[in-house]
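Colleague: Fold the following for me, if possible:
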Amino acid sequence: MALFHPLAAATLSSRPSQAPDDVKAKKEHERLRDACQEFESILLAELWKKMVSNARKFGGREDRDRPFGPLEDLSVEMSSEYLARSGGTGMWKMLYESLVPHLEGKEKEKGSLS
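Modeller: This next block holds a predicted model:
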């Protein structure tokens, strides 16, 4: 139960501040989520690039026959990053959910040591 602090009304802060451990845990979870989304975006970009390369080979052209190759690669990377950040294929969520218990175990271990 949170106690009412008389200055809370004066500062327009109606909710109690979070404990430092909660803030650290939240930041760690955000970092893990971002890393999982980044992993998915890199994986999608590499898959896309490989598919385009194979399609080009089926058409009888080589990868070196790409005058705008770096620009094409950049657009694929940006598209895959946007896709992953907007929900993606769900791969990052499965990865995140499989890694969260390890993160929480690490947090509990730190709490028992201090």
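Colleague: who touches Leu83 in this structure?
Modeller: Leu83 sits next to 41, 44, 89 when contact means Cβ atoms under 8 Å, 6 or more residues apart in numbering. C-beta: built from backbone N, CA, C; applies to glycine.
Colleague: Flag every buried residue along the host helix or strand of the second one.
Modeller: This points to Leu44. Under the criterion of DSSP states H and E, Leu44 resides in helix 20-58. Residues of helix 20-58 classed as buried: 25, 32-33, 36-37, 40-41, 43-45, 48-49 (neighbour count, 16 or more other Cβ atoms under 10 Å).
Colleague: Quick one: mean pLDDT for the next helix or strand after that helix?
Modeller: On the C-terminal side of helix 20-58, the closest following helix or strand by DSSP H and E is helix 69-85. What helix 69-85 shows for mean pLDDT is 90.
Colleague: how much does helix 69-85 deviate in direction from helix 20-58?
Modeller: If you take axes from the mean of the first three to the mean of the last three Cα atoms, to 10 degrees, helix 69-85 sits at 140 degrees to helix 20-58.
Colleague: Nearest to Met78, out of the contacts of Leu83: which one, please.
Modeller: Comparing the contacts of Leu83 against Met78 with Cβ to Cβ places Ser41 closest, at 9.3 Å.
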